[in-house]
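Novice: Based on what follows, work out the 3D shape:
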Amino acid sequence: MTTPAPPKMAAQPPSPSSMLYLIYQKDGDGALSYEVDDGAVATWWFGHSFDLGGKHWYTGFAYNTPEVYGPKDENAVPAPGSKVNITAATLFKDSAGSEKEWTIDGAYPTIGEFGAYERAGEIDKTRKIESRETGDGRMVLAVPVTFFANGVDSASYEMFLFDSADLQLEANAGRQRWTYIGNIAAGEDNDADCGQEPGDRACYQTKGTLSFGTPGDGGLPTIRIAMSGTGTEAASGVTEYRYDTAGKQYQPAP
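Specialist: Numbers count the residues shown, from 1 in each chain. Modelled structure (predicted):
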């Protein structure tokens with residue numbers, strides 16, 4: 001009787017710590033958040049696999065706080081408007097099941113800024129990552145996040161644009177692999193700071209469902225957020241967002 005061979009396992013993407021090293025070229029000894037150049041702190045955010053343009057891709061996203069010049073005040077509280085720098089590294093191979101080694105496409109020291117209080121939103125695993133191909137080798141990626149501040153848990157989508165074009169070609173000079181293209185609100189919950197007693201903040205909870213529409217400016221799809229919930233006038237209704245080619249961000253449609 002012949003013993004069947006064990007199933008072949010597809011080569012897995014590198015570990016988050018390895019991706020951080022690829023981006024920042026500084027070893028964190030396995031840590032997923034550590035200091036890099038000039039007092040900035042780099043932190044792993046998440047990894048995402050997808051297929052586009054005849055290749056299987058894997059991107060590791062991270063972010064870093066602003067650089068610190070001069071003495072660092074360990075007790076200083078970051079300001080609400082203090083964003084973080086988004087970074088990424090991308091690998092590819094010919095298919096998801098291929099056992100070939102990953103090829104490094106590139107590491108990108110900045111693809112935009114987001115967040116507040118010197119931190120990014122947390123990946124919301126209760127909602128799906130959404131994406132839409134544009135038909136010209138690009139993809140819009142909507143990453144669900146939550147951000148807690150001042151007693152309110154805010155839900156939103158961080159928006160990215162991926163370009164699968166051969167960036168080595170002279171005709172594609174100046175194009176970027178990844179670009180951050182804005183934040184789209186998708187609900188709020190103030191359960192941590194509300195109540196029924198006199199003087200308490202009124203409780204409210206809203207939730208937004210994302211869907212893609214037809215191509216608009218820049219060839220990117222419109223996005224609709226359908227709201228539902230209780231406790232506020234904004235608990236229901238639909239808001240449409242369109243890509244603004246001048247500002248290079250998604251904005252509410254007028």
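Novice: can you list the residues that contact stretch 62-71?
Specialist: The contact list for stretch 62-71 (Cβ atoms under 8 Å, 6 or more residues apart in numbering) reads 19-20, 23-24, 36-45, 78, 82, 84-88, 114-115, 118, 120. All C-beta atoms are positioned from the backbone trio N, CA, C, and that covers glycine.
Novice: Could you look up the SS state of residue 109?
Specialist: strand (DSSP: H, G, I helix; E, B strand; the rest coil).
Novice: Can you tell me which of the contacts of stretch 62-71 are buried?
Specialist: 19-20, 23-24, 36, 40-45, 84-88, 114-115, 118, 120 (16 or more other Cβ atoms under 10 Å).
Novice: Narrow the residues you listed to those in strands?
Specialist: Residues of these located in strands (DSSP state E): 41, 42, 43, 44, 45, 84, 85, 86, 87, 88, 114.
Novice: I'd say the first one and residue 33 touch.
Specialist: Yes - between residue 41 and residue 33 there is a contact under Cβ atoms under 8 Å: 6.3 Å.
Novice: circling back to that earlier point, export the ones in strands among the buried ones among the contacts of stretch 62-71 to CSV and tack on distance to residue 55 and pLDDT?
Specialist: What follows is those, written out as CSV (distance: Cβ to Cβ, whole Å; pLDDT from 0 to 100):
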residue, distance to residue 55, pLDDT
41, 32, 96
42, 27, 98
43, 28, 98
44, 24, 98
45, 22, 98
84, 29, 98
85, 27, 98
86, 22, 98
87, 21, 98
88, 16, 98
114, 27, 98
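Novice: Farthest pair within the residues you listed?
Specialist: 41 and 88 (17.0 Å; Cβ to Cβ).
Novice: where along the stretch 101-250 of the chain do the helices fall?
Specialist: Assigned by DSSP state H, counting those that start in this stretch, the stretch 101-250 of the chain shows no helices.
Novice: where in it is pLDDT low?
Specialist: The stretch 101-250 of the chain contains residues with pLDDT under 70 at 233-234.
Novice: Swap in 80 and give it another go.
Specialist: By pLDDT under 80, the weakly predicted segments of the stretch 101-250 of the chain are 232-235.
Novice: Let me know whether residue 127 touches residue 145 as I believe.
Specialist: No - between residue 127 and residue 145 there is no contact under Cβ under 8 Å: 9.1 Å.
Novice: shared neighbours, those two?
Specialist: With Cβ under 8 Å, 6+ apart, residue 127 and residue 145 have common neighbours residue 155.
Novice: Walk me through the domains of this protein.
Specialist: As assigned by automatic domain parsing, the chain contains the domains 11-68+80-120, 126-167+175-254.
Novice: how long is the first one from one end to the other?
Specialist: End-to-end span of domain 11-68+80-120 (Cα to Cα, to the nearest Å): 30 Å.
Novice: How about the last one?
Specialist: One end of domain 126-167+175-254 sits 30 Å from the other (Cα to Cα).
Novice: And for stretch 15-30?
Specialist: 9 Å.
Novice: swap in stretch 217-225?
Specialist: End-to-end distance for stretch 217-225: 18 Å, by Cα to Cα.
Novice: Name the residues of that stretch that come out as buried.
Specialist: Using 16+ other Cβ under 10 Å as the test for burial, stretch 217-225 gives 220, 221, 222, 223, 224, 225.
Novice: gap between stretch 113-132 and the chain center?
Specialist: 5 Å (Cα atoms, centre = their mean, to the nearest Å).
Novice: contacts for it?
Specialist: 43, 45-46, 48, 50, 63, 65-66, 77-86, 139-147, 149, 155-158, 180, 183, 210, 212, 221.
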